[in-house]
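Novice: below is the sequence, then the predicted model.
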Amino acid sequence: MDLKQLQYFVVCAQTGSFSDAAKVLYSTQPSVSKVVKALEDALGMQLFERLPRGIRLTVQGQKVYRYACRITNEIDALENMASHGMTKWIRVSLNPSSWFANQFVDFYNETYEKNYHFQLTTAGVRSVMDRVRDYVDDIGFVYILSQQKENFLHEISRNKLQFVPMYETDVVFYPGRKTELYDSGRSKVELQDLEGVRFIQNYQDEFFDIGSVHEDSFQWKAIDISVLTNSDYIMEKMLKNSRVSNVSGSYLSENKTGTTPGIPLDMGDSKVLFGYIIHKGEKIDESVQELIDFLVARLHKS
């Protein structure tokens with residue numbers, strides 16, 4: 001077993017196809033298939049199911065993939081050190097958030113002399129969890145509804161991760177300027193008021209619909225999501241110029257400031273929880289802890 005085999009294996013798992021992996025690796029499909037077969041022989045296990053269209057990790061392959069990701073990511077870090085000296089990389093994944101974006105700019109400026117390098121990726125909650133689990137990222141920041149916290153924590157624990165809440169905020173409905181509820185003077189809206197409303201959301205969060213919830217609880221499948229995007233710019237433009245609305249946390253969604261006034265959404269005791277995902281029982285790097293402490297201080301000032 002060698003590093004090339006692990007690198008080829010990771011790319012195949014991520015693309016789901018030997019031919020697509022070959023394009024990424026600037027190789028050929030037979031060559032990629034041969035390298036992966038050699039790795040399977042060396043490990044004495046089948047890593048992929050060969051399907052009529054593409055490939056899929058076996059149960060054993062999924063376990064190997066996690067270790068392989070960690071090894072290849074560490075190799076990338078070593079290569080960066082070799083080419084840039086002792087450059088410190090901080091890898092972060094997060095749910096799209098204009099609030100976080102603003103804080104990150106300030107953190108970057110404050111730590112500029114330390115020469116930190118950053119890799120930032122926006123994704124849905126499950127993708128953030130997977131990226132941290134597979135050591136693709138050092139830390140992941142997510143938003144979840146408190147009504148799904150129990151199910152979410154079960155998923156976190158099952159993947160040997162830990163979720164640390166940082167802030168709790170109200171659920172807010174942001175009506176688009178061309179909707180009937182815009183500038184309506186309403187002090188709050190009920191779940192039934194959302195009937196017939198079309199929505200734009202950053203990501204349809206899988207965890208909102210995991211497990212059993214009360215019949216009157218908020219569920220994404222019960223509303224009409226017309227647009228899914230990871231772009232705050234598109235979110236802002238759509239809320240200003242179309243008949244879509246948005247549901248999210250209160251001040252944590254700063255991209256809507258000056259765009260459309262938020263109206264508290266009555267969901268009983270349910271709140272939006274903001275926090276971070278890390279590996280359970282593993283020491284947090286000092287630079288990552290510095291970012292956490294910076295965000296906590298900003299949250300307390302808000």
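Specialist: Okay, I see it.
Novice: need the pLDDT of residue 260.
Specialist: Looking at residue 260, its pLDDT reads 62.
Novice: for residue 203, same thing?
Specialist: With respect to pLDDT, residue 203 has a value of 69.
Novice: then residue 247?
Specialist: At residue 247, the model reports a pLDDT of 85.
Novice: ok, and the closest non-adjacent residue to it?
Specialist: Take residue 247 and drop its neighbours on the chain: the residue closest to it by C-beta to C-beta, 6 or more residues apart in numbering is residue 173, 5.7 Å away. The C-beta positions use only the backbone N, C-alpha and C, and glycine is treated the same way.
Novice: any regions of the stretch 1-150 of the chain where pLDDT drops low?
Specialist: 77-87 (pLDDT under 70).
Novice: mind listing the strands for it?
Specialist: 48-50, 55-57, 88-94, 116-122, 139-145 (DSSP state E, counting those that start in this stretch).
Novice: name the strands paired with the third one and say parallel or antiparallel.
Specialist: Strand 88-94 has its sheet partners listed here by DSSP bridges as strand 116-122 (parallel), strand 139-145 (parallel).
Novice: show residues contacting the last one.
Specialist: Read that as strand 139-145. 91-95, 97, 100, 125, 128-129, 131-132, 152, 163, 171, 205, 207-208, 218, 248-249, 252, 267, 270-278, 284, 288, 291-292 (C-beta atoms under 8 Å, 6 or more residues apart in numbering).
Novice: name the nearest residue to residue 244, sequence neighbours excluded.
Specialist: With C-beta to C-beta, 6+ apart, the residue lying closest to residue 244 is residue 200, at 4.4 Å.
Novice: what's in contact with the helix or strand containing that neighbour?
Specialist: Applying DSSP states H and E as the criterion places residue 200 in strand 198-201. Contact partners of strand 198-201, identified using C-beta under 8 Å, 6+ apart, comprise 176, 220, 223-229, 234-235, 238-239, 243-248.
Novice: buried set for the helix or strand just after it?
Specialist: The element immediately downstream of strand 198-201 (helix or strand, assigned by DSSP H and E) is strand 224-228. Neighbour counts over strand 224-228 (16 or more other C-beta atoms under 10 Å) mark 225, 227 as buried.
Novice: so what's residue 243 closest to, chain neighbours aside?
Specialist: According to C-beta to C-beta, 6+ apart, the nearest residue to residue 243 is residue 178 (4.5 Å).
Novice: check contacts around residue 22.
Specialist: 28, 29, 31, 32.
Novice: right, I mislabeled it, should have said residue 100
Specialist: Neighbours of residue 100 in contact, by C-beta under 8 Å, 6+ apart: 94, 141, 295.
Novice: which of those has the most neighbours?
Specialist: residue 94 (22 neighbours; other C-beta atoms under 10 Å).
Novice: rewinding a little: tell me how many other residues crowd the residue nearest to residue 244.
Specialist: 21.
Novice: what bridges to it?
Specialist: residue 227.
Novice: what pLDDT does it get?
Specialist: pLDDT, residue 200: 90.
Novice: burial count for the residue nearest to residue 174 when sequence neighbours are not counted?
Specialist: Nearest residue to residue 174, sequence neighbours excluded (C-beta to C-beta, 6+ apart): residue 246, at 4.3 Å. When counting by other C-beta under 10 Å, one arrives at 24 neighbours for residue 246.
Novice: quick one, the helix or strand hosting residue 246 and strand 224-228 angle?
Specialist: Assigned by DSSP H and E, residue 246 falls within strand 244-249. Angle between the axes of strand 244-249 and strand 224-228 is 90 degrees (criterion: axes from the mean of the first three to the mean of the last three C-alpha atoms, to 10 degrees).
Novice: which other residues reach strand 244-249?
Specialist: Contacts for strand 244-249 (C-beta under 8 Å, 6+ apart): 143, 169-176, 179, 181, 194, 197-202, 218, 223, 226-227, 235, 238-239, 253, 256, 265, 272, 274.
Novice: just the buried ones from the residues you listed?
Specialist: 143, 169-176, 179, 181, 194, 197-202, 218, 223, 227, 235, 238-239, 253, 256, 265, 272, 274.
Novice: how far does stretch 12-19 stretch from start to finish?
Specialist: 9 Å (C-alpha to C-alpha, to the nearest Å).
Novice: so how far is it off the chain centroid?
Specialist: 22 Å (C-alpha atoms, centre = their mean, to the nearest Å).
Novice: got it, and stretch 184-199?
Specialist: 27 Å.
Novice: what's the answer for stretch 14-21, then?
Specialist: So, by C-alpha atoms, centre = their mean, the centroid of stretch 14-21 is 23 Å from its chain's centroid.
Novice: that stretch: which residues count as buried?
Specialist: 15, 17, 18, 20, 21.
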